[in-house]
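In: Would you be able to build a 3D model of this:
(one chain, ligands or ions: 1)
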Amino acid sequence: MYSIHDADLARMFSQSVPRLEDHADKWRRYAGQDVIPMWVADMDLASPQPVIEALQARVARGHFGYTKAWPSLQQAVCAWLERQHGWAADPSWLVWLPGVVQGFNAAQKLWGSATSQTVIQTPNYPPLRNVTEKYGHGQTLIGSVLENDVWRTDWNALESALSAPETRLLHLCNPMNPEGTVWRQDDITRLAALCDQHDVMVCSDEIHADLILETSVKHCPAGAQPLLTQRSVTLMAASKTFNIAGLACAFAIIPNAYQRAAFKDTLSHETGEVNALALVATEAALTRCDDWHAALLQHLRQQRDQLATVLKGTSVHYRPASATHLAWLDCRDWAVNPYEHMLAHGLGLSDGDAFGCPGFLRLNFACGTDLFELAMERLTRAVTSAPLK
Ligand SMILES: Cc1ncc(COP(=O)(O)O)c(C=O)c1O
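Out: The predicted structure follows:
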């Protein structure tokens with residue numbers, strides 16, 4: 001396993017990149033205010049140098065017409081899936097699309113209906129939690145429960161939802177956003193058997209799959225499970241891990257040829273072409289950045305652990321998760337609105353309300369140590385001054 005010295009790590013990720021002048025969504029929300037934005041799930045860290053260089057070389061070629069994915073890019077994705085997740089996927093299974101959101105929307109349009117039920121975890125990334133509403137389809141929401149102090153999907157609710165005859169589709173979010181829990185192999189195996197038994201299609205949003213912080217934890221892609229191979233769409237992207245979300249690119253992995261053709265057809269009515277530069281960036285990210293990736297995980301792990309230390313024994317209940325750069329903070333003991341209180345202390349977090357959980361906050365800790373340390377000082381002040389119920 002690649003291991004980087006602490007001194008190198010400190011240098012690599014010590015500086016956050018200034019993003020306001022480049023109109024970053026994350027920074028524009030609080031422009032003109034003394035607020036550190038820690039909401040939307042992108043990073044205030046520069047992308048790896050090989051990605052930047054690949055983009056520069058492509059820009060220098062000076063033409064930007066419609067572009068299709070090419071064989072070495074397809075191979076790069078499959079080699080990455082094999083290396084990172086032990087999944088031997090075939091290049092022909094890939095469908096390129098401008099974003100994961102378009103992917104789960106297309107799956108919903110294709111496999112959901114007004115007369116059937118779609119199962120969705122809560123809390124959840126808002127566009128995923130609300131995906132059925134867009135099409136007027138039926139939904140069954142299933143919650144999360146604490147199991148040995150880890151947030152997990154409520155199995156009782158999940159089993160009863162999957163066995164209902166009206167249920168046709170499950171949207172899985174793995175690793176879970178906002179909780180950061182990674183589905184264990186035994187849970188995925190159990191889920192696969194249930195979906196097979198009850199003839200339920202699975203659309204698995206795995207956009208955070210390459211942000212597994214715990215070295216002992218393995219991500220298990222849905223499509224790699226034998227009982228799900230013929231009934232799944234697995235959605236992934238290099239976007240979150242390599243900070244290229246603004247380039248807009250993702251890929252779906254659909255082993256079943258009939259389902260793949262149907263998905264592509266639905267997608268063609270919903271979205272346009274994939275960004276040519278994003279394809280270049282994705283290939284560079286998945287082929288030339290393994291060391292950077294390992295170092296990033298180490299940096300994020302350190303910040304996650306530091307955050308846990310800051311919050312230990314306070315009125316904010318934080319359970320450090322195995323994956324993502326997102327921390328799910330339980331502030332339900334506070335007598336004030338948590339979002340407003342943090343904002344008053346110069347921190348712009350995501351309000352748990354939007355994920356379906358009032359009283360919670362989601363904090364994105366993917367920034368350089370410079371900004372992170374400042375944020376921790378503000379967080380300490382906010383937490384110690386919060387009035388309790
Ligand atoms: C779980 C999840 N799915 C999808 C997305 C967005 O994906 P995209 O930008 O590729 O549409 C996000 C972004 O935060 C996310 O957290």
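
In: Break down the stretch 201-350 of the chain into its strands, ranges please.
Out: Counting by DSSP state E, counting those that start in this stretch, the stretch 201-350 of the chain has strands at residues 201-205, 232-236, 250-253, 317-318, 326-330, 347-348, 350-351.

In: List the strands paired with the fourth one, with their directions.
Out: Right, strand 317-318. Taking DSSP bridges as the criterion, strand 317-318 pairs within the sheet with strand 326-330 (antiparallel).

In: So is the partner strand next to the ligand?
Out: No. Using CB under 6 Å from any ligand atom, strand 326-330 never reaches the ligand; the gap is at least 8.0 Å. (C-beta placed from N, C-alpha, C; glycine too.)

In: C-alpha coordinates for that strand, CSV please?
Out: These are the backbone C-alpha positions of strand 326-330, laid out as CSV (Å, rounded to 0.1, in the frame of the first residue of the first chain):
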residue,chain,number,x,y,z
LEU,A,326,-18.6,14.6,4.3
ALA,A,327,-19.3,14.6,8.0
TRP,A,328,-22.9,14.1,9.2
LEU,A,329,-23.3,16.1,12.4
ASP,A,330,-26.2,15.5,14.8
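
In: buried sites along that strand?
Out: 326-330 (16 or more other CB atoms under 10 Å).

In: gap between residue 169 and residue 264?
Out: Separation of residue 169 from residue 264 (CB to CB, to the nearest Å) stands at 18 Å.

In: Mind checking which of these two has more residues around it?
Out: Higher neighbour count among residue 169 and residue 264: residue 169, with 27 against 15, using other CB atoms under 10 Å.

In: Verify the stated contact: that one with residue 198.
Out: No. Residue 169 is not in contact with residue 198 according to CB atoms under 8 Å; the separation is 11.3 Å.

In: any idea which of the buried residues of strand 326-330 is closest to residue 111?
Out: Comparing the buried residues of strand 326-330 against residue 111 with CB to CB places residue 326 closest, at 27.7 Å.

In: which residue ranges form the helices in the stretch 51-200 of the chain?
Out: Using DSSP state H, counting those that start in this stretch, the helices found in the stretch 51-200 of the chain span residues 71-85, 100-111, 126-129, 131-135, 155-163, 185-198.

In: List the neighbours of the longest one that are in contact with it.
Out: Outside helix 71-85, the residues within contact range by CB atoms under 8 Å, 6 or more residues apart in numbering are 87-91, 94, 209-210, 218-221, 224, 251, 253, 279, 282-283, 286-287, 290.

In: what is the mean pLDDT for it?
Out: For helix 71-85, the mean pLDDT works out to 98.

In: got the buried residues for it?
Out: Of the residues in helix 71-85, those buried (16+ other CB under 10 Å) are 73-74, 76-78, 80-81, 84-85.

In: try the shortest one
Out: Of all the residues in helix 126-129, those buried under the rule 16+ other CB under 10 Å are 128-129.

In: Kindly report the same for stretch 156-171.
Out: Applying 16+ other CB under 10 Å to stretch 156-171 flags 157-158, 161-162, 167-171 as buried.

In: What's the biggest strand in this protein, counting residues?
Out: The longest strand of the chain (DSSP state E) is strand 167-173.

In: Any part of that strand near the ligand?
Out: Yes. Applying CB under 6 Å from any ligand atom, one finds strand 167-173 touching the ligand at residue 173.

In: Dump the C-alpha coordinates for that strand into PDB.
Out: Presented in PDB, the C-alpha positions along strand 167-173 are these (Å, rounded to 0.1, in the frame of the first residue of the first chain):
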ATOM      1  CA  THR A 167     -41.700  -2.400  -5.800                       C
ATOM      2  CA  ARG A 168     -39.900  -2.400  -9.100                       C
ATOM      3  CA  LEU A 169     -36.800  -0.300  -8.500                       C
ATOM      4  CA  LEU A 170     -34.300   0.400  -5.700                       C
ATOM      5  CA  HIS A 171     -32.000   3.500  -5.800                       C
ATOM      6  CA  LEU A 172     -28.900   2.600  -3.700                       C
ATOM      7  CA  CYS A 173     -26.500   5.300  -2.600                       C
END
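
In: Give me the helices and strands touching the helix or strand hosting residue 11, please.
Out: For residue 11, the element it lies in under DSSP states H and E is helix 6-12. Applying 3 or more CB pairs under 8 Å, 6 or more residues apart in numbering; DSSP states H and E, one finds that helix 6-12 makes contact with helix 290-311.

In: Would you mind getting the angle between the helix it packs on and strand 326-330?
Out: Relative orientation of helix 290-311 versus strand 326-330 (axes from the mean of the first three to the mean of the last three CA atoms, to 10 degrees): 20 degrees.

In: any idea how far helix 290-311 is from the chain center?
Out: How far helix 290-311 lies from its chain's middle: 16 Å, per CA atoms, centre = their mean, to the nearest Å.

In: Buried by neighbour count: which residues of that helix qualify?
Out: Buried positions in helix 290-311, judged by neighbour count with 16+ other CB under 10 Å: 292-293, 295-304, 307, 310-311.

In: Looking at these, which one is closest to residue 48?
Out: So of the buried residues of helix 290-311, ranked by how close each gets to residue 48 (CB to CB), first place is residue 292, at 4.0 Å.

In: which residues touch that closest one?
Out: Residue 292 makes contact with 48-50, according to CB under 8 Å, 6+ apart.

In: How much space separates it from residue 243?
Out: Distance from residue 292 to residue 243, by CB to CB: 11 Å.

In: do the same with residue 355
Out: Applying CB to CB to residue 355 and residue 243 gives a distance of 22 Å.

In: ok, now residue 144?
Out: Counting by CB to CB, the gap from residue 144 to residue 243 is 27 Å.

In: go on, residue 202?
Out: Separation of residue 202 from residue 243 (CB to CB) stands at 28 Å.

In: and the one residue in the chain that gets nearest to the ligand, how many neighbours?
Out: Residue nearest to the ligand within the chain (CB to the nearest ligand atom): residue 99, separated by 2.7 Å. Using other CB under 10 Å, residue 99 is surrounded by 21 other residues.

In: Give me the neighbour count for residue 237.
Out: Counted with other CB under 10 Å, residue 237 comes out at 29.

In: ok now do residue 210, which residues does it touch?
Out: Contacts of residue 210 (CB under 8 Å, 6+ apart): 84, 219, 236, 238, 240-241, 293.
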